[in-house]
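**Q** predicted model, plus sequence, below.
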Amino acid sequence: MTETILQKIYRFPVKGIPGHQLEKTELKAGFGIAYDRRYAITNGVEYKGEWMASRSFFVNSRVDGMSKFKCKFDEKTILLENIDGEKLDFELDDPSSLEQANQKIVSFLQPVGVKEDLPQPQIIDRGTGSVWDYVDTPISFINAESVKALDKKLGTNLDPLRFRGNFIIAGLPAWEEFSWMGKRIQIGDCILDVHRPIDRCPTPGVNPETGERDVEVTPGLRDHFGHIYCGMYAKVVQDGEVKTGDTISVIGDAELSLEDVMVSNASKYPMWPRMSEVIKSEVGETKTSITFKTTSPWSAPQAQAGQRLKLHLDEAGWTQEYIISSSPNEYTIEVKDSQTSDPITQSLRQGLEIGKQVVISGPFGRV
């Protein structure tokens, strides 16, 4: 079995602006990579010292051209350069230096547009705590094989850096990272609890080399795989150094409960792709029933007969079938002959191998 390894480490000192690669980093419990997304530039809002959603800032999902900016960082000074070559710098942990930079920020952002009828943008220091798009997710993983699977469908050459994750991992089969939900993993001496899958905004559509929006990545995920998730969020629970080449191992269940990670602005739990195992497959003359058991330590969303379960089948594509019965952490679907000769339905009518791992989501729909 191929080992899962930490292939690359990235840090983004200023949210929305390109970051840089690290060979190693020290992680502390409850925190992300030091200085990652510590600074952000407000966009039409007043900062009141509290956590704010990504839409409050100049970010790639909402503002074209931010990936064309540059950032140099030496843990003492941040030097930014805009599309026109204009430079702006400030000293870390120096409010007066940041204030001086903010006197020039409107001019600096002119290449991407500043709305005059809204509060002026400001570079803000968000401190050393968790400052991701959700309050509880300071570390993100991107599986290079999942990006390759999407790339194959789109016929492009996607760089995993498009997803702006902290850790790029290699050696794990595509979408297998969804099996880490609710699990505890170890990298070097560091231990992390894995939260939920990452729902993608338009940001991955921006080419990290050119800064141009050139591929419809998130719609591509939805069209070809039936969901808009790529990557996993995690929280550090034991200090330690991690470095490129470190082996990643699943060592047990996380100490987090499902309720701990269902923060108010996260997507709904039934939408989260999660790994399941086929435990029963019965092929009849006119229909096939297949039972899936979820592998996460967290209870699966409750379902009623008549709702639908999505099956995300990677190369084969995706489909949704009616649930005929359910019990704790198990769903049974019924697959009938397709009148449209749908190849996925035809394949499912042949049944699935017991023990096969299948990514599922749902239930969906009302009864």
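**A** Structure's in. What do you need?
**Q** surely residue 240 touches residue 189?
**A** Yes: shown here, residue 240 and residue 189 form a contact pair, counting by Cβ atoms under 8 Å, at 3.3 Å. The way it works is simple: take the backbone N, C-alpha and C, and place the C-beta from them, glycine included.
**Q** those two - which one has more neighbours?
**A** residue 240 (17 against 13; other Cβ atoms under 10 Å).
**Q** excluding its backbone neighbours, what's nearest residue 366?
**A** In space, and not counting its chain neighbours, residue 366 is closest to residue 307: 7.5 Å by Cβ to Cβ, 6 or more residues apart in numbering.
**Q** what pLDDT does that neighbour get?
**A** With respect to pLDDT, residue 307 has a value of 97.
**Q** burial count for it?
**A** Residue 307: 20 neighbours (other Cβ under 10 Å).
**Q** which helix is the longest one in this structure?
**A** In the chain, taking DSSP state H as the definition, the longest helix is helix 144-154.
**Q** quick one: the residue located most distally from the centre of the chain and residue 337, what's the gap?
**A** Here the centre of the chain is the reference, and by Cα atoms, centre = their mean the most remote residue is residue 285, at 41.7 Å. Residue 285 sits 10 Å away from residue 337, going by Cβ to Cβ, to the nearest Å.
**Q** what does residue 121 give?
**A** Residue 121 is 59 Å from residue 337, by Cβ to Cβ.
**Q** ok, residue 358 next?
**A** 21 Å.
**Q** ditto for residue 97
**A** Between residue 97 and residue 337 the computed distance is 70 Å (Cβ to Cβ).
**Q** check contacts around the residue nearest to residue 136 when sequence neighbours are not counted.
**A** Sequence neighbours aside, residue 263 is the residue nearest to residue 136 in space, at 5.7 Å (criterion: Cβ to Cβ, 6+ apart). Contact analysis of residue 263 by Cβ atoms under 8 Å, 6 or more residues apart in numbering lists 134-136.
**Q** go with 10 Å
**A** 134-137, 195-196 (Cβ atoms under 10 Å, 6 or more residues apart in numbering).
**Q** please identify the helix or strand for it.
**A** Using DSSP states H and E, residue 263 sits within no helix or strand.
**Q** gap between it and residue 46?
**A** Applying Cβ to Cβ to residue 263 and residue 46 gives a distance of 23 Å.
**Q** same check on residue 80?
**A** Counting by Cβ to Cβ, the gap from residue 80 to residue 46 is 22 Å.
**Q** same drill for the two, tell me which one is more crowded.
**A** residue 80 (23 against 11).
**Q** that one contacts residue 68, doesn't it?
**A** No: using Cβ atoms under 10 Å, residue 80 makes no contact with residue 68, being 11.7 Å away.
**Q** now do the shared contacts for those two.
**A** residue 17.
**Q** how about the residue positioned nearest the centre of the chain, what does it touch?
**A** A centroid search over the chain (Cα atoms, centre = their mean) returns residue 198, at 2.7 Å, as the residue closest to the centre. Taking Cβ under 10 Å, 6+ apart, we find residue 198 in contact with 132-134, 137, 140-142, 163, 165, 177, 228-233, 267.
**Q** now, of those, which are buried?
**A** By neighbour count, with 16 or more other Cβ atoms under 10 Å, those hold 132-134, 137, 140-142, 163, 165, 177, 228-233 as buried.
**Q** circling back: separation between the residue nearest to residue 136 and residue 123?
**A** When distance is defined by Cβ to Cβ, residue 263 is 26 Å away from residue 123.
**Q** hmm, residue 293 is touching residue 274, no?
**A** No: assessed by Cβ under 10 Å, residue 293 is found out of contact with residue 274, at 11.2 Å.
**Q** between those two, tell me which one has more neighbours.
**A** Neighbours per residue (other Cβ under 10 Å) separate residue 293 from residue 274, with residue 274 holding more: 25 against 15.
**Q** chain neighbours aside, what residue packs nearest to residue 45?
**A** Nearest non-adjacent residue to residue 45, counting by Cβ to Cβ, 6+ apart: residue 56, 4.7 Å away.
**Q** ditto for residue 292
**A** residue 276 (4.0 Å).
**Q** ok, the one you found - contacts?
**A** Residues in contact with residue 276 (Cβ under 10 Å, 6+ apart) are 178-179, 291-296, 300, 309, 311, 329-331, 356-361.
**Q** return the set of buried residues in whichever strand or helix holds it.
**A** Applying DSSP H and E as the criterion places residue 276 in strand 274-283. By 16+ other Cβ under 10 Å, the buried positions in strand 274-283 come out as 274-276, 278, 281.
**Q** how many other residues sit next to the residue nearest to residue 308 when sequence neighbours are not counted?
**A** Among residues not flanking residue 308 along the chain, residue 320 sits closest, at 4.4 Å (Cβ to Cβ, 6+ apart). Look at residue 320: counted by other Cβ under 10 Å, it has 19 neighbours.
**Q** quick check: beta-bridge partners of residue 320?
**A** Beta bridges link residue 320 to residue 310, judged by DSSP bridges.
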